[in-house]
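Trainee: I would like the atomic coordinates for the input below:
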Amino acid sequence: MKTLKLVLCALALSAGSLLHAAPGNSPEISDSFKKEIQDLLKNIEIEIEEEVVANLVVSFNEDNEMQVLYVGTEHTLAGKLIKKHLNNKKIKTVLDSSVKKYKLPIRLKP
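Mentor: Okay, the predicted model is just below:
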């Protein structure tokens with residue numbers, strides 16, 4: 001019985017820490033911000049045979065420069081290139097300063 005309680009306690013702690021580490025729901029992202037991301041990724045040089053989907057989590061510093069926190073994709077090369085093309089890039093769109101992280105999907109087509 002003690003073992004069962006210990007296992008349940010460990011499971012509850014790990015599930016809680018996973019939920020805490022996951023990025024929260026991102027607010028609505030403006031079309032101008034999406035367009036800027038598209039423009040930054042327009043000239044990415046990568047040869048892919050099928051569409052690559054990546055989940056991007058970014059934050060912004062005081063100078064409105066994008067800090068890429070996470071690129072979730074199964075295609076590691078695409079993830080590295082997305083981070084390289086977006087990290088520390090300044091954007092013109094004014095975003096809500098109270099929001100700490102923005103989450104958006106990225107699709108690269110062949």
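Trainee: Would you mind writing the CA trace of stretch 77-96 as CSV?
Mentor: The C-alpha coordinates for stretch 77-96 follow below in CSV (Å, rounded to 0.1, in the frame of the first residue of the first chain):
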residue,chain,number,x,y,z
LEU,A,77,17.5,20.8,-39.6
ALA,A,78,14.4,22.9,-40.2
GLY,A,79,14.1,23.7,-36.5
LYS,A,80,17.7,24.9,-36.4
LEU,A,81,17.2,27.1,-39.6
ILE,A,82,14.0,28.6,-38.2
LYS,A,83,15.7,29.5,-35.0
LYS,A,84,18.7,30.9,-36.9
HIS,A,85,16.5,33.1,-39.2
LEU,A,86,14.2,34.4,-36.4
ASN,A,87,16.4,34.7,-33.3
ASN,A,88,17.3,38.3,-32.3
LYS,A,89,15.4,39.8,-35.3
LYS,A,90,13.7,43.1,-34.6
ILE,A,91,10.1,43.4,-35.6
LYS,A,92,8.0,46.5,-36.4
THR,A,93,4.7,45.2,-35.1
VAL,A,94,3.8,46.6,-31.7
LEU,A,95,2.7,43.7,-29.5
ASP,A,96,1.2,43.6,-26.0
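Trainee: Could you report the neighbour count for the closest residue to Lys89 other than its chain neighbours?
Mentor: Closest residue to Lys89 apart from its sequence neighbours, by CB to CB, 6 or more residues apart in numbering: Met66 at 5.2 Å. Glycine gets a C-beta too; all of them are placed from N, C-alpha and C. Neighbours of Met66 under the rule other CB atoms under 10 Å: 21.
Trainee: Provide the strand pairings for the host helix or strand of Met66, with the direction of each partner.
Mentor: Assigned by DSSP states H and E, Met66 belongs to strand 66-72. Note on strand 66-72: by DSSP bridges, its sheet partners are strand 52-60 (antiparallel).
Trainee: Name the residues that touch the partner strand?
Mentor: For strand 52-60, contacts defined as CB atoms under 8 Å, 6 or more residues apart in numbering pick out 23, 66-73, 75, 78-79, 82, 86, 91, 95, 100-108.
Trainee: tell me the mean pLDDT for it?
Mentor: Here strand 52-60 scores 93 as its mean pLDDT.
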